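Engineer: the amino acid sequence is not available; the structure is as follows:
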Ligand code: BES
Ligand code: MN
Ligand code: MN
């Protein structure tokens, strides 16, 4: 039987098994779900074994386990290391979901569930593609799986694991499906990811919450001050004002900009989908350039003072914000965090005390399109979709990709099958059944092309 007909005749089970994974609330950020995260690791291990992998283990770390498994068929063949993550983002606010986040539901050809696209659905395509290649004697490369449970919280323990297991993880390419394509009829391959610098800031004014009438106007209000300070981080051209922030930013060449301008992009549809009147960003750049090639600074959350029912007249003692900066080549997350911190502290008025606490970071990546892994992925996409994929630069981050290159000296290919409209990290995340099966179909083609291109 061909791999394609094996996939065809096992479609229902492939969906059913993905649903089993999606029912486990493996939220890595919330310790209340720690047991579920672990259970999810065990379930992934079970499916890997069932698919035919050898040496399946839960590699214990200081955090959640990494699921490892492999099938090493012939040392003369190239080796593909598949990376993915089984943890998911929190599902809150739950009341905005039309169906419960951990009860996967099929509607209009889409699977609705937290993690459906990011990344359980995309990661599991590799397990099912592997099973299909095993069952049809079509596995064309050696394969290693490394599926982690801490991607959504910064992959803090994966770097250590990679460093300690260089030989075990040795591979000719790292294959990841955790990004998106332009559209179902417009295949594309992500060649770029942004880096990340994430900080939490706290502004403290008076030692207790005060009466906002008795003290208002005479004492610094930490929330007002925080808003002021945040406003000062960008000018009216949406240019970030932190001194030195752009020093290392690689200026994209005019050729690259011209190529990006040809990428199909419907601004009207984009605005309509988000229900916004207009887009907003750095002056002088298109929307695609803003997300793909330019760094940003965004407040992810801000709190303090009274937010209960009704009105309480209070001058708060404290205010907080979580701030992310997306980085582009050749910015360094450590350096940017330092620059942010120096600047933020320098603009604080005397009436408050300010602290900056760094969270996780990650480095940006840009992968070449003239490499064997890219060419193999492009050929595989072409076989499936009948069109040459367009190289694109994603705005999101997968910090471990830069680390793989540093620690394992291995290049990554980002062959993702999601869509930007899949609502990852948002309520009603979904993944197309079409995308799930196109992925399962395309992955064996990648193995085939990669083996052929690596004689
Ligand atoms: N899969 C995403 C990253 C992504 C999505 C890249 C779409 C390109 C296109 C990943 O799971 C993710 O969400 N990463 C985090 C970073 C992490 C350190 C929390 C992100 O980008 O916010
Ligand atoms: Mn992901
Ligand atoms: Mn994510």
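Structural biologist: On my side now, so go ahead. Since we're looking at a predicted model, the values are computed, not measured. Ligands and ions are numbered 1, 2, ... in the order given.
Engineer: close to ligand 1: what parts of the stretch 51-200 of the chain are there?
Structural biologist: 118, 119, 151, 152, 154, 178, 179, 180, 193, 196 (Cβ under 6 Å from any ligand atom). Any C-beta I mention is one placed from the backbone N, CA and C, and that applies to glycine too.
Engineer: hmm, residue 151 and the second one touching each other?
Structural biologist: Yes - with contacts counted by Cβ atoms under 8 Å, residue 119 reaches residue 151, the gap being 7.1 Å.
Engineer: now do the shared contacts for the two.
Structural biologist: 85, 178 (Cβ atoms under 8 Å, 6 or more residues apart in numbering).
Engineer: ranges for the helices of the stretch 51-200 of the chain?
Structural biologist: 120-135, 158-164 (DSSP state H, counting those that start in this stretch).
Engineer: distance check, residue 377 against residue 124.
Structural biologist: For residue 377, the distance to residue 124 (Cβ to Cβ, to the nearest Å) stands at 19 Å.
Engineer: and if you look at residue 156?
Structural biologist: 24 Å.
Engineer: so those two - more neighbours on which side?
Structural biologist: Regarding residue 156 and residue 124, a neighbour count based on other Cβ atoms under 10 Å identifies residue 124 as having more, with 26 against 14.
Engineer: please name the nearest non-neighbouring residue to that one.
Structural biologist: residue 18 (5.0 Å; Cβ to Cβ, 6 or more residues apart in numbering).
Engineer: buried ones in the helix or strand where the one you found lies, by neighbour count?
Structural biologist: Following DSSP states H and E, one finds residue 18 within helix 11-22. Buried residues in helix 11-22, counting neighbours by 16 or more other Cβ atoms under 10 Å, are found at 14, 15, 17, 18, 19, 21, 22.
Engineer: looking at the helices of the stretch 51-200 of the chain, which is closest to ligand 2?
Structural biologist: helix 120-135 (7.7 Å; Cβ to the ion).
Engineer: now for the helices of the stretch 51-200 of the chain, which one comes closest to residue 103?
Structural biologist: helix 120-135 (14.0 Å; Cβ to Cβ).
Engineer: does that closest one reach ligand 2?
Structural biologist: No - shown here: helix 120-135 not in contact with ligand 2 (Cβ under 5 Å from the ion), separated by at least 7.7 Å.
Engineer: quick check, pLDDT for the residue in the stretch 351-455 of the chain positioned nearest to ligand 1.
Structural biologist: Nearest residue of the stretch 351-455 of the chain to ligand 1, counting by Cβ to the nearest ligand atom: residue 396, 2.6 Å away. Here, the pLDDT recorded for residue 396 equals 96.
Engineer: isn't it right up against residue 176?
Structural biologist: No - between residue 396 and residue 176 there is no contact under Cβ under 8 Å: 12.0 Å.
Engineer: compare those two (neighbour count), which wins?
Structural biologist: residue 176 (26 against 18).
Engineer: shouldn't the more buried one be in contact with residue 401?
Structural biologist: Yes - here residue 176 reaches residue 401: they are 7.3 Å apart, a contact under Cβ under 8 Å.
Engineer: which residues do these two both contact?
Structural biologist: 412, 414.
Engineer: contacts for the helix holding residue 18, please.
Structural biologist: Taking Cβ under 8 Å, 6+ apart as the rule, helix 11-22 contacts 7, 40, 43-44, 47, 86, 102, 104, 106, 111, 113-116, 120-121, 124, 128, 433, 436-437, 440.
Engineer: at 6 Å instead, please
Structural biologist: With contact meaning Cβ atoms under 6 Å, 6 or more residues apart in numbering, helix 11-22 is reached by 43, 104, 113, 115, 120, 124, 128.
Engineer: dump the residue contacts of the last one.
Structural biologist: Meaning residue 128. Counting by Cβ under 6 Å, 6+ apart, residue 128 has contacts 14, 440.
Engineer: check it and give its pLDDT.
Structural biologist: Residue 128 is given a pLDDT of 98.
Engineer: which other helices and strands does the helix or strand harbouring residue 46 contact?
Structural biologist: Using DSSP H and E, residue 46 sits within helix 34-51. When contacts are defined as 3 or more Cβ pairs under 6 Å, 6 or more residues apart in numbering; DSSP states H and E, helix 34-51 packs onto strand 54-59, strand 66-71, helix 120-135.
Engineer: any idea how far residue 166 is from residue 184?
Structural biologist: 38 Å.
Engineer: same deal with residue 324?
Structural biologist: Distance from residue 324 to residue 166, by Cβ to Cβ: 31 Å.
Engineer: tell me the domain boundaries of this protein?
Structural biologist: Per automatic domain parsing, the structural domains of the chain span 3-193+364-453, 195-249+295-362.
Engineer: what's the most buried one of the ones you listed?
Structural biologist: domain 3-193+364-453 (a mean of 20; mean count of other Cβ atoms under 10 Å).
Engineer: from the chain's centroid, how far away is that one?
Structural biologist: Distance, stretch centre to chain centre, for domain 3-193+364-453: 11 Å (Cα atoms, centre = their mean, to the nearest Å).
Engineer: residues contacting the helix or strand hosting residue 452, please?
Structural biologist: Assigned by DSSP H and E, residue 452 belongs to helix 433-453. Here helix 433-453 makes contact (Cβ under 6 Å, 6+ apart) with 3, 7, 109, 121, 125-126, 128-129, 133, 140-141, 372, 376-377, 379-380, 383-384, 417.
Engineer: perfect, I'm done here.
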